[in-house]
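>>> Sequence and predicted structure, then a few things I'm wondering about:
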Amino acid sequence: MPSKRDPWYKTRLRLDALGARLELSVPHDVFSTLRIDEGTRLLLDHLPGTEPRSVLDMGCGYGALGLPIAARHQQARVEMVDRDLLVVAWAARNAAENRLPNTVVHGSLGFRDVTAEGRPFDWILCNVPARIGRPFIVHLLEAGLSRLAPGGELRIVVIRDLAPIIEELRVARLWPLVEEARGPRHAIFALAAQPRPAPPVPEPEALYLRDRVEIGGLELERPFDLGGDDLRRVGSGLPVLLDALPRTPPPRVFCFRCGYGGLPLAARSRWPGAQVVAADRDLLATEFTRRNAERLGLAGERLRIREAAHFPDSLLPAERFDLMLGEISPSAGEWVAVAELEALARALSPGGQALVLALEKLEREWIRPLAASRRLSIHRVIARRGYALLRLAPG
């Protein structure tokens with residue numbers, strides 16, 4: 001069991017489903033931390049009636065859907081994937097703690113990294129994110145069909161606001177979609193494997209593309225369903241940090257919570273000779289950082305992109321940086337904030353600095369008292385429009 005002293009640990013939930021009782025450890029800063037999501041529960045109550053040999057749980061979260069299925073169908077191979085490496089790590093922990101060796105848990109952006117060695121699935125299940133966008137829903141159904149075994153079935157649960165879109169797609173594309181159940185806030189749709197296997201469906205170029213946005217003088221492609229990207233942050237928060245970047249080129253720069261590339265690509269553009277490392281836990285974020293870097297001619301040996309559940313895990317033990325840039329997550333909690341600040345302080349070169357953006361409220365209520373108690377050398381540089389920019393010195 002993860003220690004409650006782990007700063008990322010939030011709570012432990014009990015789940016009784018499919019004749020099994022599971023205990024699920026839940027981290028901060030992920031979907032549905034206080035209770036098992038209603039859509040997941042509805043889908044657990046309306047699974048296909050067949051006995052599966054292979055199951056794919058797309059967007060597995062911390063395991064609330066795939067793990068009860070693995071416990072009920074212990075002869076089946078249950079592959080659980082998510083683009084968020086934080087929930088992947090905790091789903092793997094939960095699988096181990098609940099002694100479910102028939103699970104395979106790993107990161108994947110959509111179907112990209114599914115590892116069933118070309119074998120089809122009897123069940124493909126997905127709790128569809130509310131903000132993922134129509135192109136992904138189309139791809140999920142089309143690509144899912146191409147991965148179903150004969151007699152297999154794809155089932156999705158969506159919030160009720162998305163149900164009309166599913167119905168519209170059913171009519172327009174002549175899909176044999178069936179509505180299996182409807183709850184107060186969700187609906188379940190099923191799509192059975194076709195008599196002839198569907199051909200493999202390539203991933204469309206604009207599968208996740210939402211629009212373009214300007215950050216630091218660069219026009220960046222922005223995807224659907226990437227957290228922490230509201231208009232206030234883009235228009236008011238990031239400019240506070242970008243305006244304070246040093247004029248002297250730093251040799252090595254580390255950007256955490258890089259999102260779709262705003263900070264690391266601004267650093268690459270401003271200091272062409274610097275070595276820039278960008279880190280994020282979301283595979284959609286790192287994919288768009290790569291994509292934007294290539295579009296803007298900023299890719300290459302001087303840009304390194306790392307993927308890790310917790311950004312301190314992406315820092316090598318002896319690695320040091322002259323400048324570190326990023327943001328405190330409001331939803332991750334104060335103990336995660338201080339753990340991350342301590343990791344930044346340890347990774348700074350002598351004379352280096354970390355510039356960290358935080359909401360003023362968090363700076364006042366969390367960081368000031370915690371910095372004092374942990375003896376962190378951190379102080380406010382500027383405050384503007386509800387954001388505070390903090391400068392952190394080496395530990």
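Looks like it arrived, so ask away. Numbers count the residues shown, from 1 in each chain.
>>> show me what contacts residue 244?
355, 381, 382, 389 (Cβ atoms under 8 Å, 6 or more residues apart in numbering). In short, each C-beta sits where N, CA and C put it, glycine included.
>>> What's the separation between residue 152 and residue 114?
14 Å (Cβ to Cβ, to the nearest Å).
>>> again, but for residue 349
40 Å.
>>> So between the two, which is more surrounded?
residue 114 (19 against 16; other Cβ atoms under 10 Å).
>>> residue contacts, the more buried one?
Contacts of residue 114 (Cβ under 8 Å, 6+ apart): 56, 79, 81, 108, 147.
>>> and these, which of them are in strands?
Of those, the ones assigned to strands by DSSP state E are 56, 79, 81.
>>> By neighbour count, which of these wins?
Going by other Cβ under 10 Å, residue 56 tops those with 29 neighbours.
>>> OK, contacts around that one?
Residue 56 neighbours (Cβ under 8 Å, 6+ apart): 79, 81, 114, 116, 121, 123, 124, 125, 147.
>>> and with 7 Å instead?
79, 114, 121, 124 (Cβ atoms under 7 Å, 6 or more residues apart in numbering).
>>> Name the nearest residue to the residue nearest the centre of the chain, sequence neighbours excluded.
By Cα atoms, centre = their mean, the chain has its centre lying nearest to residue 84, at 2.9 Å. Residue nearest to residue 84 in three dimensions, not counting chain neighbours: residue 282, with 5.5 Å by Cβ to Cβ, 6 or more residues apart in numbering.
>>> Kindly report the same for residue 32.
Nearest non-adjacent residue to residue 32 (Cβ to Cβ, 6+ apart): residue 61, at 7.0 Å.
>>> Which members of the contacts of residue 56 are positioned in strands?
79, 121, 124.
>>> Mind checking which of the contacts of residue 244 land in strands?
Using DSSP E, these in strands are 355, 381, 382, 389.
>>> Select, from those, the two members most distant in space.
Greatest spacing in the ones in strands among the contacts of residue 244, by Cβ to Cβ: 355 and 382 (10.3 Å).
>>> Between these two, which is the more surrounded one?
Per other Cβ under 10 Å, whichever of residue 355 and residue 382 has more neighbours is residue 355, with 21 against 13.
>>> Show the pLDDT at residue 93.
If you check residue 93, the pLDDT there is 97.
>>> ugh, wrong one, I meant residue 1
In this prediction residue 1 is given a pLDDT of 47.
>>> mind listing what residue 219 touches?
residue 212.
>>> So it: helix, strand or coil?
strand (DSSP: H, G, I helix; E, B strand; the rest coil).
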